[in-house]
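Enquirer: sharing a sequence plus its predicted fold:
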Amino acid sequence: MTMETLLLDLGSRSYPIDFGTGIIDGIGERMKQLGMRGQTAVVTNAVVAPLFLERVKNSLETTGFPVLPILLPDGEVHKNFATLQIIFDRLLENRMERSTILIALGGGIIGDITGFAAASFLRGVNFIQIPTTLLAQVDSSVGGKTGINHPLGKNLIGAFYQPKLVCCDLGTLTTLPKREFVAGMAEVIKYGLIRDIDFFHFLADNLEAIMALTPIPLQRVVQTCCAIKGEIVAADEHENDQRALLNFGHTFGHAIESLTGYDQLLHGEAVAMGMLMASDLSRRMGWLSDAEFETIENLLRQTGLPLTIPRFTTEAFLDAFSRDKKVRSGRPRFVLLKGVGHGVVTADIPEELLTRCLEQ
Ligand code: NAD
Ligand code: GLY
């Protein structure tokens, strides 16, 4: 299959998002074509490096880009200042200059931390995303949210900083553990629910082929998600209003992640539960029919996402909501559905409906 490209239109900060299978082998050529020059530092981890680092390094070196590999420890517990410091130490010890291009090779954690390092190293250097998880390809590598965690909360320290290129090689997903792929599908389904009913039906009709990583439907999935995300980010880069739609299921999902201590569920699994709760609340608001709710629940279930919501008290949920980044003037905001394919952001929810939804 040939490479396809989408342009994320952000004026002077616009960038291409490339899609294809095996395209990491042409990354150096592509960078040259885009007029890039300089040294590169490829930031990755011990899980991803043995899988793809050599191929990326080969392509860069044969096209004249010197490569400094930087290996970080794997896992959300390492998405912190100490790990960020490893990147700065390696760059400075190797006298890397302002023309350095940082390349994130890995999942969302590598992408977020590398992007933040790029935003601040020597007051900002160029960076490229090579996302290797489904979640990173359809969500975190696009849109410029970068950052690290603080002991008091996830992703609290960071910057909006856009990459110069995103290279989505679908071939990298073949080595991804199944549970990670399924968790990424929660974010995929999210795009259909908030923006595109036809895409939602496409997912339902082609689920088996998608889960088997069949190249044509899989590329359509990743491309459609990036197109929807790109459109939303182009309209509201800094999340003043409609970018919040991308958080469908996340207010409930973040509460579930925080109440379960972040070590039982993958992010996408908690988001799937959160989307089910947000759909239930939409139904209670009279905005979603029972039949629509069931169709959503069926697709989430058939994808293999866990949907048994751990039990917590209403007070525990409300307390977790109050710490959500989306709280405005003390009121949690929710993304709800007015029908499949149409997400809306609202803080205007009758308390008894929310309570009944939490008591389920
Ligand atoms: P991750 O980066 O932890 O990757 C999941 C696991 O898969 C890791 O162990 C990783 O090393 C491994 N891995 C990566 N690629 C692989 C491959 N091709 N084959 C085998 N193993 C592979 O998790 P994730 O789900 O990609 O990202 C989660 C992070 O993304 C969170 O920190 C979250 O906050 C962040 N995020 C950011 C945004 C954003 O807009 N910036 C959006 C959503 C999530
Ligand atoms: N992942 C949500 C956003 O990028 O806004």
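Expert: Here it is on my side, so go on. Note that the structure is predicted; figures quoted are calculated from it, not measured. Ligands and ions are numbered 1, 2, ... in the order given.
Enquirer: which non-adjacent residue is nearest the single nearest residue of the stretch 151-300 of the chain relative to ligand 1?
Expert: Of all residues in the stretch 151-300 of the chain, residue 175 sits closest to ligand 1, at 3.6 Å by C-beta to the nearest ligand atom. Any C-beta I mention is one placed from the backbone N, CA and C, and that applies to glycine too. Nearest residue to residue 175 in three dimensions, chain neighbours excluded: residue 51, at 5.4 Å (C-beta to C-beta, 6 or more residues apart in numbering).
Enquirer: isn't there a helix covering the one you found?
Expert: Yes: counting by DSSP: H, G, I helix; E, B strand; the rest coil, residue 51 falls inside a helix.
Enquirer: look up phi and psi at the residue of the stretch 151-300 of the chain closest to ligand 1.
Expert: phi -100, psi 0 (degrees, to the nearest 10).
Enquirer: excluding its backbone neighbours, what's nearest residue 117?
Expert: Nearest non-adjacent residue to residue 117, counting by C-beta to C-beta, 6+ apart: residue 87, 4.3 Å away.
Enquirer: helix or strand: which one has that neighbour?
Expert: Element membership for residue 87, per DSSP states H and E: helix 81-93.
Enquirer: who in the stretch 201-350 of the chain is up against ligand 1?
Expert: residue 267 (C-beta under 6 Å from any ligand atom).
Enquirer: just the stretch 1-150 of the chain next, same as before
Expert: Residues of the stretch 1-150 of the chain lying near ligand 1 by C-beta under 6 Å from any ligand atom: 45, 47-48, 51, 74, 76, 79, 106-110, 112, 132-133, 135-136, 139-140, 143, 145.
Enquirer: show me those residues that map onto helices.
Expert: Assigned to helices by DSSP state H, the following of these qualify: 108, 109, 110, 112, 135.
Enquirer: OK, contacts around residue 118?
Expert: 102, 124, 125, 126, 127, 146, 161 (C-beta atoms under 8 Å, 6 or more residues apart in numbering).
Enquirer: now do 7 Å
Expert: Applying C-beta atoms under 7 Å, 6 or more residues apart in numbering, we find residue 118 in contact with 102, 125, 126, 127, 161.
Enquirer: tell me the secondary structure for it?
Expert: Note that with three-state DSSP, the state of residue 118 is helix.
Enquirer: residue 324 now?
Expert: Residue 324 falls in the coil class when you classify it by three-state DSSP.
Enquirer: for ligand 1, see how far away it is.
Expert: 14 Å (C-beta to the nearest ligand atom, to the nearest Å).
Enquirer: right, and that residue touches residue 332 too?
Expert: Yes: contact status for residue 324 versus residue 332: in contact at 5.8 Å, counting by C-beta atoms under 7 Å.
Enquirer: overlap in contacts, those two.
Expert: Shared contacts of residue 324 and residue 332, counting by C-beta under 7 Å, 6+ apart, come down to residue 251.
Enquirer: tally of neighbours for the closest residue to residue 295 other than its chain neighbours?
Expert: Nearest residue to residue 295, sequence neighbours excluded (C-beta to C-beta, 6+ apart): residue 340, at 7.0 Å. Look at residue 340: counted by other C-beta atoms under 10 Å, it has 22 neighbours.
Enquirer: circling back to that earlier point, how much space between the residue of the stretch 151-300 of the chain closest to ligand 1 and residue 169?
Expert: As judged by C-beta to C-beta, to the nearest Å, residue 175 and residue 169 stand 11 Å apart.
Enquirer: what about these two, which has more around it?
Expert: Per other C-beta under 10 Å, whichever of residue 175 and residue 169 has more neighbours is residue 169, with 24 against 12.
Enquirer: which ones are touching that one?
Expert: With C-beta under 7 Å, 6+ apart, residue 169 has these contacts: 20, 21, 22, 23, 24.
Enquirer: need phi/psi at the second one.
Expert: Put plainly, it is residue 21. phi -110, psi 130.
Enquirer: any idea how far it is from residue 222?
Expert: As judged by C-beta to C-beta, residue 21 and residue 222 stand 11 Å apart.
Enquirer: what touches both of these two?
Expert: Listed as contacting both residue 21 and residue 222 by C-beta under 7 Å, 6+ apart are residue 170.
Enquirer: which outside residues touch the strand ranked longest in the chain?
Expert: Taking DSSP state E as the criterion, the chain has its longest strand at strand 153-160. With C-beta under 7 Å, 6+ apart as the contact definition, strand 153-160 has outside contacts at 116, 119, 144, 145, 146, 147, 148, 149, 150, 237, 238.
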